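> Quick one: sequence plus predicted model below, questions after.
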Amino acid sequence: TQIECGTSTPFFLLNADQWNPLVTRTWISQIWLECQPLGIEIRFHQTSFWTPKPVRENDLYIMEVAARLYAGRQLQQINMCRLALQATLLSDIASVDGRRILRAYYNGKNHVASGRRTRLNWPPVGELPKSWWRQWQQFLEQWCGTALHLPLPLGRWYEGAEMLTQCCFFQHEQRLIMQQKSGFYEFVPFTARSRTRFQLQAFPFDDLHLLQHAHVVDITYNSNSIFIIAKSPQNIISQEPDPIATSLQELYLHLSPELRRIIGHVEWPEPHTLIHLVDSVKHGTAIGVSDGSVRTNSNKATHAWIIQAQPGIEISGSGPVDGTDDARTSHRAEIQGTTALFLILSLLVKFFHITGGKIL
């Protein structure tokens, strides 16, 4: 849901009337839609809920710009084009020198056309109508002009930033190097004097020590050549590393007391069994269930939740449901149980670096 919104703000805090139509209908998006009219605000601790972060100075979220210019059906069409391109940030579709939007993305071509690849599992989109791509192009032109030059060029790269879109081509002197999964290949210059044009045939590249001196580049193809069209200046801003949690329980303890109370008491599985739970989430076979109840005679409410993998490995918890007497209903108890489940799932995603999956 956060990927489908494409914003820096956690989706629960976005205006549901404007943003909920952009996302796939799920139990999470339905909770979001139902809670806001009731005045229920769901917040997550900044260290437990994933949102994409800028990777360069002056980086922007594509949908936050689009939402200032468009609404309704036009905004939905722009978002679907963005999802098809698998892009969240301006840096995902901008040249590595930070000066312009790459023409391939303007024309609706995927990452491969510019020598890049995504590191996330994106929702399937399928083929989109040509009128939607014209809307996408109109949006980019309104933002950056017909030449696609950025009004405010992108600046230096943030050290250690999470790169959602990986640049796969590098240049060292007259050698063009491509990373493909864990392997590296190189392309020879088209002629002895060529510095930006290379032949299409790839050869294994073994001089890995040269990569630390190479520049990241953008490329484009034609029928018989690869061309370098932009080169990164490689300027980097150093950042202090965040404290690293050594266990899921430690990450849980980093949460605020309010969020830990929502989650409640947790029954932690043995650490070595958590990998089965993580694999089930990645493969979409994990099962998540929550419930809540109210005892009217004692005016108390509780909730419980569980996430279970197929082999029977599970993590579960239970806790109290807070609120005024009038607000402490069975519906509120069930929503808090669902919220607790979502919170613990976000901890799993963060600690184990899960980039795609689902729970049933």
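Happy to help now that I have it.
> quick one: the strands in the chain?
With DSSP state E as the criterion, the chain has strands at 116-118, 157-158, 165-167, 169-172, 175-180, 183-189, 197-204, 215-221, 225-231, 236-237, 265-267, 287-295, 300-308, 314-320.
> Give me the distance between the nearest residue to Glu334 once chain neighbours are set aside and Lys350.
Distances taken as Cβ to Cβ, 6 or more residues apart in numbering place Gly292 nearest to Glu334, at 4.1 Å, with adjacent residues excluded. Every residue, glycine included, has its C-beta placed from N, CA and C. Look at Gly292 and Lys350: by Cβ to Cβ, to the nearest Å, they are 25 Å apart.
> Which one's more surrounded, those two?
Taking neighbours as other Cβ atoms under 10 Å, Gly292 and Lys350 compare with Gly292 leading, 23 against 16.
> Surely the more buried one is in contact with Lys300?
No - at 11.5 Å, Gly292 does not count as touching Lys300 under the criterion of Cβ atoms under 8 Å.
> Now the common contact residues for these two.
Common contacts of Gly292 and Lys300 (Cβ atoms under 8 Å, 6 or more residues apart in numbering): none found.
> Would you quantify the distance from Pro52 to Asn58?
Counting by Cβ to Cβ, the gap from Pro52 to Asn58 is 16 Å.
> make that Leu251, sorry
For Leu251, the distance to Asn58 - Cβ to Cβ - is 31 Å.
> Ok, Glu334 next?
Taking Cβ to Cβ, one finds Glu334 at 44 Å from Asn58.
> which one of the two has more residues nearby?
Neighbour tally, Glu334 and Asn58, criterion other Cβ under 10 Å: the higher count belongs to Glu334, 19 against 16.
> so who does the more buried one touch?
Contacts of Glu334 (Cβ under 8 Å, 6+ apart): Ser290, Asp291, Gly292, His303.
> Buried subset of the residues you listed as a ChimeraX selection?
In ChimeraX, a selection of the buried entries from those looks like this (16 or more other Cβ atoms under 10 Å):
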select :290,292,303
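> between the contacts of Glu334, which is nearest Thr7?
Ser290 (26.1 Å; Cβ to Cβ).
> Neighbours of the closest residue in space to that closest one that isn't next to it in sequence, how many?
Of all residues not flanking Ser290 in the chain, Gly337 sits nearest, at 3.4 Å (Cβ to Cβ, 6+ apart). Look at Gly337: counted by other Cβ under 10 Å, it has 26 neighbours.
> Gly337 and Ser330, how far apart?
Counting by Cβ to Cβ - Gly337 and Ser330 are separated by 11 Å.
> Overlap of the contact sets of these two?
Gly292.
> rewinding a little: who is the residue nearest to Glu334 paired with across the strands?
Per DSSP bridges, the residues bridged to Gly292 are His303.
> residue contacts, it?
Taking Cβ under 8 Å, 6+ apart, one finds Ala301, Thr302, His303, Ala304, Val321, Ser330, Arg332, Ala333, Glu334, Ile335, Gln336, Gly337 in contact with Gly292.
> Write a ChimeraX command that selects only the buried members of those residues.
Listed next is the ChimeraX selection for buried residues among the contacts of Gly292, using 16+ other Cβ under 10 Å:
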select :301,302,303,304,321,332,333,334,335,336,337
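> Between the contacts of Gly292, which sits nearest Ile62?
So of the contacts of Gly292, ranked by how close each gets to Ile62 (Cβ to Cβ), first place is Ile335, at 31.3 Å.
> isn't that closest one right next to Cys35, touching?
Yes - under the criterion of Cβ under 8 Å, Ile335 makes contact with Cys35 at 6.9 Å.
> quick one on the thing from earlier: can you add mean pLDDT and distance to Thr9 and give the strands of the chain back as JSON lines?
Listed next are those as JSON lines, based on pLDDT from 0 to 100; distance: least, Cβ to Cβ, whole Å:
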{"stretch": "strand 116-118", "mean pLDDT": "92", "distance to Thr9": "22"}
{"stretch": "strand 157-158", "mean pLDDT": "88", "distance to Thr9": "19"}
{"stretch": "strand 165-167", "mean pLDDT": "90", "distance to Thr9": "21"}
{"stretch": "strand 169-172", "mean pLDDT": "91", "distance to Thr9": "33"}
{"stretch": "strand 175-180", "mean pLDDT": "90", "distance to Thr9": "33"}
{"stretch": "strand 183-189", "mean pLDDT": "92", "distance to Thr9": "38"}
{"stretch": "strand 197-204", "mean pLDDT": "92", "distance to Thr9": "42"}
{"stretch": "strand 215-221", "mean pLDDT": "92", "distance to Thr9": "29"}
{"stretch": "strand 225-231", "mean pLDDT": "92", "distance to Thr9": "30"}
{"stretch": "strand 236-237", "mean pLDDT": "60", "distance to Thr9": "23"}
{"stretch": "strand 265-267", "mean pLDDT": "89", "distance to Thr9": "28"}
{"stretch": "strand 287-295", "mean pLDDT": "86", "distance to Thr9": "24"}
{"stretch": "strand 300-308", "mean pLDDT": "88", "distance to Thr9": "25"}
{"stretch": "strand 314-320", "mean pLDDT": "89", "distance to Thr9": "27"}
